[in-house]
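S.K.: would you be able to build a 3D model of this:
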Amino acid sequence: MKTLKLLVLSCLSSLALGATGLHAADIRVGFGLDALTLDPGNHRSRETETILRNMYDGLLTRDSKMQVVPELVTGWRQTDVTTYEFKLRQGVKFHSGDEMTSEDIKFTFDRLIKKDMIDGKSSPRAGLLGPLKEVVAVDKYTVLLKLEKPWAILPSMLPFQEVVSKAFVQKVGDKAMATQVNGTGPFKLVDWRRGDSITMERFAAYYGGSPAIPPVGPAKADRVIFKIIPENASRVAALLAGDVDIATELPVHMIKQIESSRNAQVMKVRGTRSFYVSLNNTKPPFNNPLVRKAANHALDKKLLLERVMQNAATPINGVLSPDAFGFEKDLPAYDYNPAKVKQLLAQAGFPNGIDVTLDVEGSFAEIAQAIGSVLTKSGIRTKVVVGEGTVLRTKWLQDKNKTGDMWLTSWGNGSLDPEDIFAPTLNTNDRGNSAGYSNLVVDGLLSAASTETNPAKRADLFSKAQRQVNADAPWIFLWVPEDIYGVSKRLKGWQPSADSRVNLHRAYIQ
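M.R.: Numbering: from 1, shown residues only. Below you'll find the model as predicted:
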């Protein structure tokens with residue numbers, strides 16, 4: 001009778017534990033945006049990549065110090081200035097159980113760089129692979145990546161590319177890849193409820209991940225659930241209520257609320273996104289460099305960092321994050337100087353100041369209002385106009401005749417290589433050059449740096465380019481914000497990454 005009683009109590013206890021509706025080992029992430037697709041070759045979204053990288057691995061990855069390290073390969077070498085050789089790990093399994101071989105690598109990159117390879121369309125990720133022209137499967141576990149011209153940053157760009165199964169894609173078709181997953185990553189797809197959640201479970205046959213990022217082995221968590229919670233306040237509320245274990249994109253004004261919680265803490269890491277106010281260099285008043293310099297001197301950056309950013313950002317005087325390769329730490333700073341602003345404006349023919357508009361997306365409206373208020377005090381009378389992101393990107397990046405005055409924007413640099421941010425945003429007529437900036441000296445320096453393979457010479461080229469851009473002031477140089485997370489104190493084995501990845505392979509609930 002006593003034994004029966006103990007058995008009943010044990011069953012009741014188990015039922016009570018199960019009534020919570022979640023396994024104790026589940027990790028739940030409060031995430032701001034849903035994935036656009038589950039096809040790693042058919043998007044250009046950092047949020048989508050963050051989700052997919054828990055189910056797909058790449059040839060290379062990054063460690064906690066943002067160093068490029070092997071993942072699906074045991075190593076790589078450059079055999080000549082345009083050829084890289086990669087040796088694959090043997091025995092790596094896709095979620096289907098099929099072994100990964102060099103044919104999968106070739107197929108993956110052919111989908112990315114060849115025209116019309118994804119359901120009759122070209123991959124939007126082709127630009128991330130620069131002059132990569134061909135992938136050769138030498139044998140079952142060896143591949144060559146061949147470039148049209150020397151391109152020093154190829155290894156830095158490979159952590160952004162996830163490997164797919166050739167047999168699986170050919171079996172299900174490109175359209176099905178948008179909703180199905182067959183990767184080599186630590187978790188496999190269970191369910192995707194669009195706009196609500198993406199659920200994954202541990203892949204028991206996982207090869208273990210990069211040896212450079214211990215511990216190696218299967219994921220520690222039974223399941224991972226990305227819960228899509230667009231509103232900042234709702235993500236924080238879910239964290240404090242214990243409904244999620246990580247809340248991403250924590251607003252700075254909510255830091256104290258998390259820090260005062262018994263059950264959660266704040267984790268920060270300097271991100272890789274440079275923020276700036278793009279000035280329209282193609283028309284008055286900002287086609288005059290004196291006015292652009294005045295705008296930089298009109299910004300009380302220290303005040304904004306303290307009051308608006310709550311010191312959760314690093315000021316910059318140019319394009320690059322301090323963590324980027326070739327960062328020039330001695331760039332002259334544009335100090336806050338209202339008297340100099342008036343002097344420069346007068347020299348430019350605007351003794352009574354100027355009236356301008358500042359475009360901004362809704363999520364950064366508060367920062368834009370603060371910037372506009374400070375600029376106005378120095379005679380750059382600024383009206384803030386909030387617009388929808390797609391409309392603003394069309395206006396500033398696609399329309400040939402730029403009509404705006406200023407745009408508060410940013411550009412990510414997940415590789416932390418200057419070419420990944422410098423060339424697209426400041427090279428003449430490049431895809432991210434919202435300012436319409438053009439300087440042949442800068443163009444030449446960037447072109448030379450792109451093919452230079454000597455690190456010291458390459459760094460010197462970027463240093464000179466940074467100094468020229470600093471002097472030309474095509475933007476109001478702002479800051480690199482910290483990525484801020486609210487994290488349950490029960491979560492162990494996880495730290496935020498500068499490239500915004502939420503890598504949960506080694507994380508677990510205690």
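
S.K.: only C-alpha atoms for contact and neighbour calcs from this point on.
M.R.: Will do.

S.K.: got the CA positions of stretch 27-37 in CSV?
M.R.: What follows is stretch 27-37 as a C-alpha-only set of coordinates in CSV (Å, rounded to 0.1, in the frame of the first residue of the first chain):
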residue,chain,number,x,y,z
ILE,A,27,14.9,27.7,-24.2
ARG,A,28,12.5,30.4,-25.3
VAL,A,29,13.7,33.6,-27.1
GLY,A,30,11.6,36.7,-27.4
PHE,A,31,12.4,37.9,-30.9
GLY,A,32,11.3,41.0,-32.6
LEU,A,33,10.9,39.8,-36.2
ASP,A,34,9.8,36.6,-37.8
ALA,A,35,11.9,34.8,-40.4
LEU,A,36,11.2,35.9,-44.0
THR,A,37,11.9,32.4,-45.3
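
S.K.: ok, and what's touching that stretch?
M.R.: Applying Cα atoms under 8 Å, 6 or more residues apart in numbering, the contact partners of stretch 27-37 are 43, 45, 47-48, 51, 178-179, 194-197, 221, 223-232, 235, 238-239, 243-249, 491, 508-509.

S.K.: selection in PyMOL covering whichever of the residues you listed are buried, please.
M.R.: What follows is the PyMOL syntax selecting those of the contacts of stretch 27-37 that are buried according to 16 or more other Cα atoms under 10 Å:
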select buried, resi 43+47+48+51+178+197+221+223+224+225+226+227+228+229+232+235+238+239+243+244+245+246+247+248+249+491+508+509
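
S.K.: ok, now how distant is Asn288 from Thr282?
M.R.: From Asn288 across to Thr282, the span is 9 Å (Cα to Cα, to the nearest Å).

S.K.: check Thr390 too.
M.R.: For Thr390, the distance to Thr282 (Cα to Cα) stands at 22 Å.

S.K.: so which of these two has more stuff around it?
M.R.: Thr282 (18 against 9; other Cα atoms under 10 Å).

S.K.: first vs last residue of stretch 217-233, how far apart are they?
M.R.: First residue to last in stretch 217-233 (Cα to Cα) measures 36 Å.

S.K.: I'd like the mean pLDDT over it, please.
M.R.: The pLDDT scores in stretch 217-233 average 96.

S.K.: how much distance is there from that stretch to the middle of the chain?
M.R.: Its chain's C-alpha centre lies 18 Å from the corresponding centre of stretch 217-233 when counted by Cα atoms, centre = their mean, to the nearest Å.

S.K.: and the contacts of stretch 27-37, which of them are in helices?
M.R.: The helices, defined by DSSP state H, take in Glu47, Thr48, Ile51, Asn232, Arg235, Ala238, Leu239 from the contacts of stretch 27-37.

S.K.: which one of the residues you listed sits closest to Lys402?
M.R.: Glu47 (28.9 Å; Cα to Cα).

S.K.: tell me how far the closest one lies from Gly493.
M.R.: 21 Å.

S.K.: ok, Tyr508 next?
M.R.: Applying Cα to Cα to Tyr508 and Gly493 gives a distance of 6 Å.

S.K.: ok, Asn454 next?
M.R.: Taking Cα to Cα as the measure, Asn454 falls 37 Å from Gly493.

S.K.: those two: which has the busier surroundings?
M.R.: Each of Asn454 and Gly493 has its neighbours counted (other Cα under 10 Å); Gly493 has more, 13 against 10.

S.K.: picking up where we left off before, got JSON lines for the ones in helices among the contacts of stretch 27-37, with distance to Asn433 too?
M.R.: JSON lines is the format used below for those (distance: Cα to Cα, whole Å):
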{"residue": "Glu47", "distance to Asn433": "23"}
{"residue": "Thr48", "distance to Asn433": "24"}
{"residue": "Ile51", "distance to Asn433": "29"}
{"residue": "Asn232", "distance to Asn433": "30"}
{"residue": "Arg235", "distance to Asn433": "34"}
{"residue": "Ala238", "distance to Asn433": "39"}
{"residue": "Leu239", "distance to Asn433": "38"}
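
S.K.: for these, which one is nearest Pro70?
M.R.: Of the ones in helices among the contacts of stretch 27-37, the one sitting nearest to Pro70 (Cα to Cα) turns out to be Ile51, at 20.3 Å.

S.K.: and the pLDDT at the closest one?
M.R.: With respect to pLDDT, Ile51 scores 98.

S.K.: which residue, neighbours along the chain excluded, lies closest to it?
M.R.: Closest residue to Ile51 apart from its sequence neighbours, by Cα to Cα, 6 or more residues apart in numbering: Ala35 at 7.1 Å.

S.K.: just the closest of the ones in helices among the contacts of stretch 27-37 to Ile354, please.
M.R.: Asn232 (35.8 Å).

S.K.: that closest one contacts Leu250, correct?
M.R.: Yes: under the criterion of Cα atoms under 8 Å, Asn232 makes contact with Leu250 at 6.8 Å.

S.K.: overlap in contacts, the two.
M.R.: By Cα under 8 Å, 6+ apart, no residue touches both Asn232 and Leu250.

S.K.: tell me which strands the longest strand seen in the chain pairs with, and in which orientation.
M.R.: Counting by DSSP state E, the longest strand found in the chain is strand 475-488. Strand 475-488 has the following strand partners under DSSP bridges: strand 246-247 (antiparallel), strand 264-270 (antiparallel), strand 273-279 (antiparallel), strand 313-315 (antiparallel).

S.K.: what about the second one, distance to the chain center?
M.R.: Okay, so that is strand 264-270. 17 Å.

S.K.: could you do the last one as well?
M.R.: Offset of strand 313-315 from its chain centre (Cα atoms, centre = their mean): 17 Å.

S.K.: for the stretch 401-510 of the chain, which residues score under the pLDDT cut-off?
M.R.: Residues of the stretch 401-510 of the chain meeting the criterion pLDDT under 70: none.

S.K.: ok, which stretches of it are strands?
M.R.: 406-412, 475-488, 491-492, 508-509 (DSSP state E, counting those that start in this stretch).
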